[in-house]
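Undergrad: here is a sequence with its predicted model. Questions after.
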Number of protein chains: 2
Amino acid sequence: MNKVINQMSAHRSIRAYTDQALSEQQIEEITTAARWASTSNHVQAYTVITIRNQEKKKRLAELAGGQSWVEQCPVFFVICVDYSRHKYASEKHQTTFDVGGAEQLLVGAVDAALVAQNMQLASESLGLGGVMIGGIRNQPEQVSELLQLPKYVFPLVGLTVGYPDQQIAQKPRLPQAAAVHQEVYASDQIAELTQYDQDMHDYYVTRTAGTRHSTWTEMMAAYTSVRKRAHIDQYLERQGFLQKD
Amino acid sequence: MNKVINQMSAHRSIRAYTDQALSEQQIEEITTAARWASTSNHVQAYTVITIRNQEKKKRLAELAGGQSWVEQCPVFFVICVDYSRHKYASEKHQTTFDVGGAEQLLVGAVDAALVAQNMQLASESLGLGGVMIGGIRNQPEQVSELLQLPKYVFPLVGLTVGYPDQQIAQKPRLPQAAAVHQEVYASDQIAELTQYDQDMHDYYVTRTAGTRHSTWTEMMAAYTSVRKRAHIDQYLERQGFLQKD
């Protein structure tokens, strides 16, 4: 296992940090490296907003649903899907402009997520750690106002970064045979999912001294039982995405 | 610059490969490492399909819009957004099931893209190279049939992997000041984009011996002038996403 693969395989979500600040050079290194990620048709439909202001982090922690690690981390990044530069380009060259289909949303989400993954991995390679924050989409209107996001931009995911102040176990992932298929989609994954339910159950029992007994399928059945963050559809439409026409 | 950041910063999209095959161990190492990527609420809403069959790669190359490198590469991965396991979980535990909002699409796209980025980086760390293939969404119905994708699954992005048989320059990325902002969104990026137009122009002039003169804003104005892959909206709806209700 080489250094890169080793780093990837050692990933843990870190939610507690020491007081040590990041240097300007570290922040620069993380964001510069991340920008070399692949991008669809060179659109680079993302923007990273670097947040160190304590008041702002506190507010974002609240907006993300009370995630104290967003306030506690020395640097919080908000990775946005961003087509506002493309809007500017279309005005400059007097063309029509349309990013209202699912395709443009997917392109932006993929571009931004590739950068986010690079940022997390680059951070970890520097001895830092953090956790991705989907809760940045909890109250997207308020986040947009706070970060002064223009139309054609929305916050996709947050990333806390700091020096780890906790040691935690890795949460088991889906078995290889469930997540990685050969040549065609493997329609029958019941054996793998039954095994995984057992793995997750054992993980929670060990980690909570027997108080939590959840299996993966139980948690997922609950998670997908109702439409999450249903307000985001209207928000995205106002920001210029998923136009109904 | 450490090994991981160095690897990231050296990224190039590789579209020509030697005849050398990948070993089983390499494929295993790439996909195993990738599965440690962060995932929203542990949903792991992705599946990777590993394709080595020559006829299938040929067909996928056609379906992706005639991208010969998909046929030529020894291994082609299709990274899918996948909620079919969650559908199974909801049936097992007799709950309702709804992944029809934009949120679930974004969660799936981010989860799958984080894994895709890890796969590309892991490949590169092994001396391999490749290119991500958004063209896998050109004809998603046919791709779904070929790969036997069930409902609640769709192909998000492809990834070719092989031993590089070309040496290419890095395509300049958006300037740091345009892509990475401080505390709030930087509304005025005109100076950076003007500089970037010049950088991309120079890159194309050098690379094409003066025959291509495109700037970034010109290319982007053309790219966003019409809605791309408009058929994908209906396809996604049939697969259980973006439900109109």
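TA: Sure, I can see it. If you're wondering where the values come from, they're calculated on a predicted model, not measured in any experiment.
Undergrad: secondary structure class for residue A:229?
TA: Here residue A:229 is recorded as coil under DSSP: H, G, I helix; E, B strand; the rest coil.
Undergrad: for chain A, which spans come out with low pLDDT?
TA: A:245 (pLDDT under 70).
Undergrad: can you show me the helices along it?
TA: Counting by DSSP state H, chain A has helices at residues A:3-9, A:24-34, A:54-63, A:68-72, A:84-92, A:102-125, A:140-146, A:176-179, A:190-207, A:216-223, A:232-238.
Undergrad: pick the most buried one from the ones you listed.
TA: helix A:102-125 (a mean of 27; mean count of other Cβ atoms under 10 Å in any protein chain shown). All C-beta spots, glycine's among them, are computed from the backbone N, C-alpha and C.
Undergrad: that older thread, of the helices of chain A, which is nearest residue B:201?
TA: helix A:84-92 (13.9 Å; Cβ to Cβ).
Undergrad: got the angle for the closest one vs helix B:216-223?
TA: Put simply, helix A:84-92 runs at 90 degrees to helix B:216-223, going by axes from the mean of the first three to the mean of the last three Cα atoms, to 10 degrees.
Undergrad: and helix A:84-92, does that touch chain B?
TA: Yes: Helix A:84-92 reaches chain B (Cβ under 8 Å from any Cβ of the partner chain) through A:85-90, A:92.
Undergrad: return the distance of residue A:163 relative to chain B.
TA: 16 Å (Cβ to the nearest Cβ, to the nearest Å).
Undergrad: for residue A:197, that is, sorry about that
TA: Taking Cβ to the nearest Cβ, one finds residue A:197 at 9 Å from chain B.
Undergrad: spatially nearest residue to that residue, not counting backbone neighbours?
TA: residue A:215 (3.7 Å; Cβ to Cβ, 6 or more residues apart in numbering or on different chains).
Undergrad: how many neighbours does the one you found have?
TA: 21 (other Cβ atoms under 10 Å in any protein chain shown).
Undergrad: can you list phi and psi of residue A:229 for me?
TA: Residue A:229 adopts backbone torsions of phi 40, psi 50, taken as degrees, to the nearest 10.
Undergrad: quick one on the thing from earlier: show me what contacts the residue nearest to residue A:197?
TA: By Cβ atoms under 8 Å, 6 or more residues apart in numbering or on different chains, the residues touching residue A:215 are A:197-198, A:200-201.
Undergrad: ok, how many other residues are close to the closest residue to residue A:187 other than its chain neighbours?
TA: Excluding the flanking residues, the one nearest residue A:187 by Cβ to Cβ, 6+ apart is residue B:150, at 6.5 Å. Using other Cβ under 10 Å, residue B:150 has 14 neighbouring residues.
Undergrad: does residue B:150 really touch residue A:189, like I thought?
TA: No: Residue B:150 lies out of contact with residue A:189 (Cβ atoms under 8 Å); the separation is 10.8 Å.
Undergrad: ok so, going back, select, out of the helices of chain A, the one closest to residue B:61.
TA: helix A:102-125 (20.4 Å).
Undergrad: pull out the CA atoms of that closest one and give them to me as CSV.
TA: The C-alpha trace of helix A:102-125 is given here as CSV (Å, rounded to 0.1, in the frame of the first residue of the first chain):
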residue,chain,number,x,y,z
ALA,A,102,-30.7,18.2,-13.9
GLU,A,103,-27.5,17.8,-16.0
GLN,A,104,-26.1,21.1,-14.9
LEU,A,105,-26.9,20.4,-11.3
LEU,A,106,-25.1,17.0,-11.6
VAL,A,107,-22.1,18.6,-13.3
GLY,A,108,-21.8,21.2,-10.6
ALA,A,109,-22.3,18.7,-7.8
VAL,A,110,-19.7,16.4,-9.2
ASP,A,111,-17.1,19.2,-9.9
ALA,A,112,-17.6,20.6,-6.4
ALA,A,113,-17.4,17.2,-4.7
LEU,A,114,-14.2,16.2,-6.5
VAL,A,115,-12.6,19.3,-5.1
ALA,A,116,-14.1,18.7,-1.6
GLN,A,117,-12.6,15.1,-1.6
ASN,A,118,-9.2,16.5,-2.6
MET,A,119,-9.4,19.1,0.1
GLN,A,120,-10.2,16.5,2.8
LEU,A,121,-7.5,14.2,1.6
ALA,A,122,-4.9,17.0,1.4
SER,A,123,-5.8,18.1,4.9
GLU,A,124,-5.4,14.6,6.2
SER,A,125,-2.0,14.3,4.5
